[in-house]
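[1] Below are the sequence and a predicted model; questions follow.
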Amino acid sequence: MPVLWIVVIIFAISVVGYLIGRKRALSMTDDGARGLHSLPSYYGWNVVMFAAVPSLLALAAWLLVAPLVIDGRVSALLPNETIPQVSTRGLVMEDVRRLASGIDAAISRGALTEDEAANIRTDFTNVRARLGEVGVALGSEPSQAVVNAAQRYRGLSAASGIWMTVVVLSLSAGGFGLAYSLTKAEFRARNTVERGILALLMLASTIAILTTLGIVLSMLFETTNFFRAYSWQEFFLGARWSPDFRGNSDLGILPLLWGTLYISLVALIVAVPIGLFAAIYMSEYAGPRLRSVAKPLLELLAGIPTIVYGLFALITVGPLIRDWLAQPTGWGESSSSVITAGLVMGIMLIPFVSSLSDDIINAVPQTMRDGSFGLGATKSETIRQVVVPAALPGIVGAVLLAASRAIGETMIVVMGAGAAAAQFQGGQFLNPLEAMTTVTVKIVSQLTGDTDFASPETLVAFALGLTLFVITLGLNVLALYIVRKYREQYE
């Protein structure tokens, strides 16, 4: 049964449980609600909690653990001779999972029958071409051992789905029955519900941490697989990026990293001064009427899709810079350049800097301004020497948010800076009027199209993503250091 239908059934049981639990509580005394320990609604919510929470937690745990168990059992079936020397068992399992999902997709679309899928022989069937007819891309023709493993994977997944449905719905029905039997006049339903809500809030508070941990671990595992197939020295110190799915690729990150930081630096040079000055003006100089109009108009920039900014860079900003700056100076001939992407990205980041900086500047106590004025300081001196230093931790946070946004941007870079070959060529890598590419652009290109997921050329995307994560983490650490330093000075 699909997971969505399981959730719908649990929801239906919970709704019925609320109504029945509340009705049973009211029928327990002749006095109605006055003879109950808790309000009638608490008895209904108690049934909902017992019917929904354990079953949903079991469903989530099953969805997380079952794939790992199935992977382990199927992986043990793969003979060692089926693992290529340039690959690992984990990488082959990626092909097994992709093939299993492809067979399921082909069956659902009518391209294969269950009997045909169960008796696939690579000697007689071109599996890659057959699945390609329904839009399922495989990097290479799978071996018979991989096909057999995929069939086993499908069987275990189907059995897991059946058992998951039985266990989860049994927990929901059992919880419903238990809570219904506990519904009595003297039952402390309110206390039970309050403790349940507290537990749910504690669980919700850990979701962000667990999600971050899951993202990091998933990238870390795939990055480990990549470094088993490709030298980490060549990746981190290589000055040439030239992937080739036929082999002999150059996957050096340095030119990608340089392009990412170069374009992000140009964007911050545009966004930070304009955004900060706009925030200072709106918080310290603008009247209420002007502020009520100017701030919403400025924040509209944050709601424009990045693809629109990319089109703006492609058809307006890029040609202008080429015709008025690049060609007259002889520094470039293309409308795609670092300065094109950086300028448009900087415009996109202005509301991030200005809005957050405006809020934190407004949060500076008025008494600090009044004290500065009382000592004879002018308004500009008060802003420079009192307001901005006191608001600096928040301003640093705004700049950090803008930097992280710039580092992770893709569409503006593709359309504004192009997707040029990433390599250091003479002094061209310093020229802001030359085309350049970034890490995020190459992550997309490596995971797009008909690719072999077990190849280093595809797995390099995870190494690139993990590198970006580490860079962002470093920015956060630097920001925390600056914040603590100035907090000690101004608190």
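    On my side now, so go ahead.
[2] From now on I want contacts and neighbour counts done on CA atoms only, so please keep to that.
    Fine.
[3] Roughly how far does residue 270 sit from residue 323?
    Going from residue 270 to residue 323 by C-alpha to C-alpha, to the nearest Å gives 21 Å.
[4] my bad, should have said residue 7
    Using C-alpha to C-alpha, residue 7 is found at 59 Å from residue 323.
[5] Which stretches in the stretch 51-200 of the chain count as helices?
    If DSSP state H, counting those that start in this stretch is used as the criterion, the helices of the stretch 51-200 of the chain fall at 89-108, 114-118, 127-132, 144-182, 189-205.
[6] Which one of those helices lies nearest to residue 440?
    Smallest distance to residue 440 across the helices of the stretch 51-200 of the chain (C-alpha to C-alpha): 22.7 Å, for helix 89-108.
[7] got the angle for that closest one vs helix 144-182?
    Interaxial angle, helix 89-108 versus helix 144-182 (axes from the mean of the first three to the mean of the last three C-alpha atoms, to 10 degrees): 80 degrees.
[8] What helices and strands are in contact with helix 89-108?
    The contact analysis (3 or more C-alpha pairs under 8 Å, 6 or more residues apart in numbering; DSSP states H and E) places helix 89-108 against helix 40-75, helix 114-118, helix 127-132, helix 144-182.
[9] so where's the protein uncertain?
    1, 30-35, 79-92, 108-143, 245-247, 419-429, 449-454, 483, 486-491 (pLDDT under 70).
[10] sorry, back to before: so for residue 270 and residue 323, which sits in the more crowded spot?
    A count of neighbours by other C-alpha atoms under 10 Å puts residue 270 above the other of residue 270 and residue 323, at 20 against 15.
[11] For residue 155, see how far away that one is.
    Residue 270 is 56 Å from residue 155, by C-alpha to C-alpha.
[12] next one: residue 282
    Using C-alpha to C-alpha, residue 282 is found at 63 Å from residue 155.
[13] Same check on residue 219?
    When residue 219 is compared with residue 155 (using C-alpha to C-alpha), they lie 28 Å apart.
[14] Look at those two and report which has more neighbours.
    More crowded of residue 219 and residue 155, by other C-alpha under 10 Å: residue 219, with 21 against 15.
[15] residues contacting the closest residue to that one other than its chain neighbours?
    Once flanking residues are discounted, residue 219 sits nearest to residue 462: 5.4 Å by C-alpha to C-alpha, 6 or more residues apart in numbering. If you count contacts by C-alpha atoms under 8 Å, 6 or more residues apart in numbering, residue 462 has them with 219-220, 222-223, 443.
[16] quick one: the residue most central in space within the chain from residue 439, how far?
    Nearest to the mean C-alpha position of the chain, by C-alpha atoms, centre = their mean, lies residue 215 at 8.0 Å. When C-alpha to C-alpha is the yardstick, residue 215 and residue 439 sit 18 Å from each other.
[17] just to revisit the earlier point, which two of the contacts of residue 462 have the greatest separation?
    Maximum distance among the contacts of residue 462 (C-alpha to C-alpha): 15.3 Å, for 220 and 443.
[18] the more surrounded of the two?
    Counted by other C-alpha under 10 Å, residue 220 and residue 443 do not tie: residue 443 has more neighbours, with 19 against 16.
[19] Kindly list the main-chain dihedrals of that one?
    Per-residue torsions, residue 443: phi -60, psi -40 (degrees, to the nearest 10).
[20] got the buried residues for stretch 280-293?
    The neighbour-count check on stretch 280-293 (16 or more other C-alpha atoms under 10 Å) flags 280, 282-284 as buried.
[21] repeat for stretch 237-256
    Neighbour counts using 16+ other C-alpha under 10 Å place 238-241, 243, 250-256 of stretch 237-256 among the buried residues.
[22] same thing with stretch 186-204?
    So, applying 16+ other C-alpha under 10 Å, buried residues of stretch 186-204: 188-190, 192-193, 196.
[23] Stretch 61-80 now?
    62, 66, 70-71, 74-75, 78.
[24] can you put the buried residues of stretch 186-204 in TSV and add distance to residue 52?
    As requested, the buried residues of stretch 186-204 are arranged in TSV below (distance: C-alpha to C-alpha, whole Å):
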residue	distance to residue 52
188	19
189	16
190	17
192	15
193	13
196	12
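[25] which among those gets closest to residue 100?
    Of all the buried residues of stretch 186-204, residue 196 has the smallest distance to residue 100: 39.9 Å, by C-alpha to C-alpha.
[26] Tell me which residues touch the closest one, please.
    By C-alpha under 8 Å, 6+ apart, the contact set of residue 196 is residue 49.
[27] how much space is there between it and residue 187?
    15 Å.
[28] same question, residue 318
    Using C-alpha to C-alpha, residue 318 is found at 71 Å from residue 187.
[29] Equivalent analysis for residue 462, please.
    Counting by C-alpha to C-alpha, the gap from residue 462 to residue 187 is 53 Å.
[30] now swap in residue 22 and tell me
    13 Å.
[31] same check, this time on residue 72
    Taking C-alpha to C-alpha as the measure, residue 72 falls 46 Å from residue 187.
[32] where do the strands sit along the chain?
    Using DSSP state E, the strands of the chain run over residues 241-242, 250-251.
[33] okay, those in JSON lines with distance to residue 166 next?
    Output for the strands of the chain, formatted as JSON lines (distance: least, C-alpha to C-alpha, whole Å):
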{"stretch": "strand 241-242", "distance to residue 166": "51"}
{"stretch": "strand 250-251", "distance to residue 166": "48"}
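[34] Of the ones you listed, which is nearest residue 168?
    strand 250-251 (46.3 Å).
[35] Residues contacting the closest one, please?
    For strand 250-251, the external contacting residues (C-alpha under 8 Å, 6+ apart) are 234-235, 238, 240-244, 457, 460.
[36] can you check stretch 401-419 too?
    Contacts for stretch 401-419 (C-alpha under 8 Å, 6+ apart): 260-261, 264, 267-268, 306-307, 309-311, 313-314, 318, 335-341, 344-345, 349, 352-353, 435-438, 440-441, 468, 472.
[37] from these, which ones fall inside helices?
    If you go by DSSP state H, those have 260-261, 264, 267-268, 306-307, 309-311, 318, 338-341, 344-345, 349, 352-353, 440-441, 468, 472 in helices.
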